[in-house]
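Q: Curious how this folds, go ahead:
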Amino acid sequence: MNPLIQGLFKKFREEEELLEISNADAFELFAASLILPEDLIVQSQKSDLLLDQGTIGIDVIALDVNGQLAWDADDVREICENAAKVEVSLHFIQAKQSASVSSAEILSFGDTVRKFLQNDGFPSYPRMEALAQALGAVFENYAGRLKGSPSVYLYFTTTAPKHAISSDPVQERVATVTEQIDNLGFLGRVSVTVLGADDIHDAWVRKNHANEVEIQFEKQVNLPKMPGVDQAILGVVSVAELLKLIETRDEKNLDERVFYDNVRGFKGEDNSVNMQIMDTLNSTERSLLPVLNNGVTVVAASYAPKPGDAVAVSGYQIVNGCQTSHCLYLSKQSLGEAVSEVYVPIRLVVTGDEEVATQIIRATNSQTAVQENDLVALSKFQKRLEDFYKLDAPDFKLTYERRSGQFYNKEVTKNRIVTQ
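A: Numbering: from 1, shown residues only. Next comes the predicted model:
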């Protein structure tokens, strides 16, 4: 198995206390925890997601009815009885620890899903049978209330390298399975995805760097529609509101996770630009900050407007403005009540397009000089290498500095830092 995935899997088993179950079952839950929507995962114990022992072709099935997990026909009845509209999606997972991709197993996975959707019956597997009957109950009793045909998502998960996932034979099998399930004729969206080691790590990053906060804009303007961008807002927020983006919720410590996609870490208080920012914050000219500072750029996975000028953003990263953010955090005590009276320019971009996000990072990093080798920190390889070093054993712990200045004022053994 890919050593990075092996390390993340080991960490997952320890944290979830799954050391007593089989390696195969634990890996199935590991895959499910990364693939399934978080709002579904929190509704049950992870071990409840496992199907009957010996089930062939599918490892995990999640039936989502109006945002709730349904395990049998009684659950469907309870969820749908008083609902004006019913929305259904199904998630199927087949998880293999193999570093190769079996075309035959992809076809077998698709065939088992097709039989499940047709409710062919699985008397030897009670949990699977109950789930199939639950879906049948939706069609039988609530077809008239369906908001749309059920969406179906298939995930064939492996630890294979990228070239194996993208090979022609694998993609041909994906197309075959998609067509067979789509041809059933009673489904909406059908998505079949083969995941490899890179995809597992990407999912782990999204899950572990996810966050959500509600902030109040003092002033804002929505930008026109742009390709690859779901929403773009220019505005100003108070320092107090910006601190919500960069502090941990309880301890109010600086949350370094939100700078994961930034090209560099904090350059220190003695950096000339940072000295100017902090001098401004500690002077009578602090109210001029919006015209003296470029502010911050936030890229988020999703957002929702709230009453007034408030917005809720989730899955966000501060991709430009790391220096400004750190200076504001360090100055919050000296600002006192002025944290609600001093404002910072902010650019909020909501996009699920990774290419667009990378373009934004490259284009907006100009307030302090950025070297070309700083931009290397954006590459997926560098991020995976950093996460790999985090799995190092404590007795000879090495730390990888992906971003210049990443460990400023941190308790890290300097002679154990590996740089680019």
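
Q: quick check, residue 53 in a strand?
A: No. Remark: residue 53 does not belong to a strand; assigned using DSSP: H, G, I helix; E, B strand; the rest coil, it is coil.

Q: number of nearby residues for it?
A: Using other Cβ atoms under 10 Å, residue 53 is surrounded by 9 other residues. C-beta coordinates here come from the backbone N, C-alpha and C atoms, glycine included.

Q: Look up how far residue 2 lies from it.
A: As judged by Cβ to Cβ, to the nearest Å, residue 53 and residue 2 stand 27 Å apart.

Q: tell me what the longest helix belonging to the chain is packed against?
A: If you go by DSSP state H, the chain has its longest helix at helix 126-142. Applying 3 or more Cβ pairs under 8 Å, 6 or more residues apart in numbering; DSSP states H and E, we find helix 126-142 packed against strand 60-65, helix 73-80, strand 88-95, helix 103-117.

Q: Please tabulate those in JSON lines, including the columns distance to residue 323 and mean pLDDT.
A: Shown next, in JSON lines, are the helices and strands packed on helix 126-142 (distance: least, Cβ to Cβ, whole Å; pLDDT from 0 to 100):
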{"stretch": "strand 60-65", "distance to residue 323": "43", "mean pLDDT": "96"}
{"stretch": "helix 73-80", "distance to residue 323": "49", "mean pLDDT": "95"}
{"stretch": "strand 88-95", "distance to residue 323": "41", "mean pLDDT": "97"}
{"stretch": "helix 103-117", "distance to residue 323": "48", "mean pLDDT": "95"}
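
Q: Can you lay out these as TSV showing distance to residue 265 and mean neighbour count?
A: Shown next, in TSV, are these (distance: least, Cβ to Cβ, whole Å; neighbours: other Cβ atoms under 10 Å):
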stretch	distance to residue 265	mean neighbour count
strand 60-65	38	23
helix 73-80	47	18
strand 88-95	35	22
helix 103-117	42	18
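
Q: Any buried residues in stretch 186-200, and which?
A: 187, 190, 192, 194-200 (16 or more other Cβ atoms under 10 Å).

Q: Looking at the residues you listed, which are in strands?
A: 190, 192, 194-195 (DSSP state E).

Q: who does the nearest residue to residue 93 once chain neighbours are set aside bridge with?
A: Leaving aside its chain neighbours, residue 93 sits nearest to residue 60 (4.0 Å; criterion: Cβ to Cβ, 6 or more residues apart in numbering). On the basis of DSSP bridges, residue 60 is bridged to residue 50, residue 93.

Q: again, but for residue 297
A: Beta-bridge partners, per DSSP bridges, of residue 297: residue 320, residue 347.

Q: That one is in contact with residue 363, isn't it?
A: No. Using Cβ atoms under 8 Å, residue 297 makes no contact with residue 363, being 9.2 Å away.
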